[in-house]
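Enquirer: I would like the atomic coordinates for the input below:
(one chain, ligands or ions: 1)
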Amino acid sequence: MFALAACTALSGTLLAAEEAPRDPCARPPPGSAIPEPEDLRSRHGVLKLDLTVHNVRESDGSVRYCYVLGDGAQSPTLRVKPGDLLILRLKNALSSLEPGAAPLSRGHGDTAHPQDPCSSGRMSLTATNLHFHGMTIPPVCHQDEVLKTSVQPGDPPFEYRFRVPANEPPGLYWYHPHIHGFSKAQVLGGASGALIVEGIERANAQTAGLPERVLIIRDQDLLNPDAPPSKSEPVVPKMFIDRDGDSANNGTGFGKPAKDLSVNFVPVPYPDYPPATLGMKPGERQLWRVLNASAITYLNLAVLFNRAAQQLGIVAIDGVPLNENGNPANAVEWRDHIGIPPGARVEFIVTGPPAGVPALLVTRTVDTGQGGENDPNRALVSLVADTAAPEPASRLSSAPEPLPRPALPWLGDVAPVRVRKLYFSEKLSDPNNPNSATDFYITVDGQTPTPFDPNSEVPDIVVQQGTVEDWIIENRSTELHAFHIHQIHFLLLDWSGMPVDEPFLRDTVNVPYFNGRMLQYPSVRLRMDFRDPNTVGTFVYHCHLLEHEDGGMMGRIRVAPAAHASERAASEQTAPER
Ligand SMILES: [Cu+2]
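Expert: Below you'll find the model as predicted:
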C-alpha cells in the first residue's frame, strides 16, 4: 500500500509539474551568459515558420510580450538570402491580462464580429501585426502593411508571405508589431526579433570567415525603480519625472535611467548594472550585428579594455553595407563609439580582449535634450577572454563570391525632383495645465499640426515611384527624435546645415533637439529614394520613440505608380484590394 501511495503521490507530483503553467516569456536572470537567439535558415529558397505572440504579467506587475516558436524558443533570428520566399504564420495568443476588462481599442472595427485581418484596422493592446523594418517589400496586406492589418486573439494564424528582393542589401533587419497607439507596450515588453539578409561577406571581404553574433538590445521598465543610484556614481541633481513617468534627462550622464536595458533578454538593471557576460577566445575577431530594439532608449556603444575605448570597425548601418558611391568597396569605418537610435542597426568588427584583461561593452550617455528621457552611462556586457569559450553558432563564408554592382546609380548622384520640409513638434494638450498629456506631431511645413489619424485615408505626402526627393526634417521640440520611414532607405546629406558624406544608407536617423536659444531649428537633410517599384502603395514615416509614434508623431505617404506605368496601374486598381 505504501509503495502504491508513494507511486500515486509521485505521479501526482509529475502531473502537477507538467500542468504548472510555463512562462512562455521567461527571461534569464541578471548577470547571465548571453544566449544566442535560435537561427532559422531558409532551405531551397524558402523559410517557413510558425510564430506565436504571447503576453504575460509577471509577479512584479510588469507585462512581457514575446514571439515563441513551437519548441518554446523566443525571438528566432530569421536568416534569408536575396530572392528567397519568407512564409511566416503569426498566431495571436495575447490576452487582456485583466479579467473582465474591456479591451482598449480605437480605430475601425466592431468588437462583436470577426473581421478581415487585412482591413479591420482594429487597434488595441491585444491586436497585433508585423512590420519588417528596413525591407524594401510592398506595403500590402500579407507583406508589410501596418495601417489596416490587425490580427486578433482567436483569429486563425495569419500568413505573411513575401519574396526578399534580389537586390536587398545583405545585413541586419528586424521584425516587430506596429499597432498604432500600442506599439510601445508590445515592443517594450520584448516583441522583436532579428531578420538577416545573408551575404554581408559578399559586400565586404574583410568580414569573410568571421564568427558572427546577433546582439539585440531592448529596454524595459525599471526592475528597481525605487533604488537610490549606485554609490560608485557621482551625486547628481534631484531626478525629475516626465509626464510618462520616466526619469527626465538631467544632463549629467548619471542617475536613474528612464528604462532598464537587456541584451538578448538578459537584463542589466539600474542601479548597479550587473553586466551580462560573453565569452570570447582571446583576441578573436568577430562580426557583431547589433539591433537597438528599444522602445524609447538611444544607445551610444563602446567597447572598453581596462577602461580604454577600442576601435570598432563598422561595416554596415541599417542593413546596408558601407560602400563607395554604391559599389561594394570592402570599406570599414573605424570608430571608438557608435550611436544607435531606437530601431537602427549597426554591424561592426570587434576584437576580443587579450587573456586577463577586463573588458566591457557599455553604452555612453546620450543627451536627449531638456525634454528628453535620461539615458545615462552604463555597462551592458562583460567580455571574458577564455580559450575554451564556445564559438558563436554562425560563421560567415570564408570564400564569398562578390556582390554584383548595383543596377541603379548611387543615391547621392541622383538629382531630387523636389525638396519638402517636415518638422517634429510637441504641445501640451491643455496649454494651461503643465501636467496634461503631450501631443506629438510630425507635420509637412505649411499644413496644420494634427496627431496621426488612423481613420483617415488621406495621405500627408504623395510622391511618384521612380523619383528621388530631398526632405528636410526639422526638430522644433526640446527633445531628440528618431525619424524613420517604412519601405525605403535614405542618404543623410547634412546635419543642421553641415554637409556630411556618408558611405551608407539609413532608415532611421536622429534629429537634434532645439535648445530654445538657437537662431534656427536643428534639422537633417535626407535624400529619399522612391525608385524601387516595391515602394508603390501607402505607408508611414514616424518617430521611432514609440511613445511619440503612439502619441501621434506619424504621417502617411502614398507612392503613386510611375507616370509611364499609370495606365497599367489604373487598370490594376480596378481589381478589388486584397
Ligand atoms: Cu520622438
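
Enquirer: make it CA atoms for all contacts and neighbour counts henceforth
Expert: Will do.

Enquirer: Now do the residue lying closest to residue 325 once chain neighbours are set aside against the ion, distance only.
Expert: Of all residues not flanking residue 325 in the chain, residue 410 sits nearest, at 5.4 Å (Cα to Cα, 6 or more residues apart in numbering). For residue 410, the distance to the ion (Cα to the ion, to the nearest Å) stands at 29 Å.

Enquirer: Surely residue 410 touches residue 326?
Expert: Yes - contact criterion Cα atoms under 8 Å: residue 410 and residue 326 qualify, at 4.8 Å.

Enquirer: So these two - more neighbours on which side?
Expert: Using other Cα atoms under 10 Å, the more surrounded residue of residue 410 and residue 326 is residue 326, with 20 against 14.

Enquirer: Tell me the residue of the chain that sits nearest the ion?
Expert: residue 481 (3.7 Å; Cα to the ion).

Enquirer: For the residue nearest to residue 325, give its distance to residue 374.
Expert: 38 Å (Cα to Cα, to the nearest Å).

Enquirer: Over to residue 269?
Expert: Here the criterion is Cα to Cα. By it, residue 269 lies 14 Å from residue 374.

Enquirer: and those two? which has more neighbours close in?
Expert: Neighbour totals were compared for residue 269 and residue 374, and residue 374 leads with 32 against 25 (other Cα under 10 Å).

Enquirer: I'd say the more buried one and residue 252 touch.
Expert: No - at 9.1 Å, residue 374 does not count as touching residue 252 under the criterion of Cα under 8 Å.

Enquirer: Enumerate the residues of the stretch 51-200 of the chain near the ion.
Expert: Residues of the stretch 51-200 of the chain lying near the ion by Cα under 5 Å from the ion: none.

Enquirer: mind listing the helices in the stretch 51-200 of the chain by residue range?
Expert: Under the criterion DSSP state H, counting those that start in this stretch, the stretch 51-200 of the chain contains helices at 183-188, 200-203.

Enquirer: of all these, which lies closest to residue 523?
Expert: Nearest of these to residue 523, taken as Cα to Cα: helix 183-188 at 25.2 Å.

Enquirer: by contact count, what packs against the closest one?
Expert: Here helix 183-188 touches strand 63-68, strand 211-220, helix 546-550, going by 3 or more Cα pairs under 8 Å, 6 or more residues apart in numbering; DSSP states H and E.

Enquirer: Put the alpha carbons of that helix into CSV.
Expert: Extracted in CSV, the C-alpha atoms of helix 183-188 (Å, rounded to 0.1, in the frame of the first residue of the first chain):
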residue,chain,number,x,y,z
SER,A,183,3.4,49.8,-30.3
LYS,A,184,5.3,50.9,-27.3
ALA,A,185,3.7,48.5,-24.9
GLN,A,186,4.3,45.5,-27.1
VAL,A,187,7.9,46.4,-28.1
LEU,A,188,8.9,47.5,-24.6
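
Enquirer: for residue 488, what are its contacts?
Expert: Residues counted as contacts of residue 488 (Cα atoms under 8 Å, 6 or more residues apart in numbering) are 134-136, 507, 528-530, 535.

Enquirer: Among those, give me the pair with the biggest separation.
Expert: Greatest spacing in the contacts of residue 488, by Cα to Cα: 135 and 528 (14.8 Å).

Enquirer: Tell me who's in contact with residue 58.
Expert: Residue 58 makes contacts with residue 64, as judged by Cα under 8 Å, 6+ apart.

Enquirer: pLDDT score assigned to the spatially closest residue to residue 254 that is not a sequence neighbour?
Expert: Among residues not flanking residue 254 along the chain, residue 376 sits closest, at 4.8 Å (Cα to Cα, 6+ apart). On the pLDDT scale, residue 376 is placed at 96.

Enquirer: what do you get for the one 5 residues further on?
Expert: The score at residue 381 is 98. That number is its pLDDT.

Enquirer: That one: helix or strand, and which one exactly?
Expert: According to DSSP states H and E, residue 381 maps onto strand 378-385.

Enquirer: Tell me the first helix or strand C-terminal of that strand.
Expert: The first helix or strand that comes after strand 378-385 along the chain, using DSSP H and E, is strand 394-395.

Enquirer: Output the contacting helices and strands for the longest strand seen in the chain.
Expert: Determined from DSSP state E, the single longest strand within the chain is strand 46-57. For strand 46-57, the packing partners by 3+ Cα pairs under 8 Å, 6+ apart come out as strand 63-68, strand 77-80, strand 85-93.

Enquirer: now do 7 Å
Expert: strand 63-68, strand 85-93 (3 or more Cα pairs under 7 Å, 6 or more residues apart in numbering; DSSP states H and E).

Enquirer: And for it, what's in contact with it?
Expert: Here strand 46-57 makes contact (Cα atoms under 7 Å, 6 or more residues apart in numbering) with 25, 41, 63-69, 80, 84-95, 97.

Enquirer: repeat that for 6 Å
Expert: 63-69, 84-94 (Cα atoms under 6 Å, 6 or more residues apart in numbering).

Enquirer: Now do the contacts for residue 128.
Expert: 150-151, 177.

Enquirer: residues near the closest residue to residue 84 other than its chain neighbours, how many?
Expert: Leaving aside its sequence neighbours, residue 84 sits nearest to residue 45 (Cα to Cα, 6+ apart; 4.6 Å). For residue 45, the neighbour count with other Cα under 10 Å is 15.

Enquirer: CSV please, covering the contacts of residue 488 and showing neighbour count.
Expert: Conversion of those to CSV gives the following (neighbours: other Cα atoms under 10 Å):
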residue, neighbour count
134, 28
135, 26
136, 21
507, 26
528, 22
529, 22
530, 23
535, 25
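
Enquirer: Residue 473: which of those residues is nearest?
Expert: Taking the contacts of residue 488 together and measuring to residue 473 by Cα to Cα, the closest member is residue 528, at 11.6 Å.

Enquirer: From residue 134, how far off is the spatially closest residue to the closest one that is not a sequence neighbour?
Expert: Distances taken as Cα to Cα, 6+ apart place residue 490 nearest to residue 528, at 4.7 Å, with adjacent residues excluded. Separation of residue 490 from residue 134 (Cα to Cα): 11 Å.
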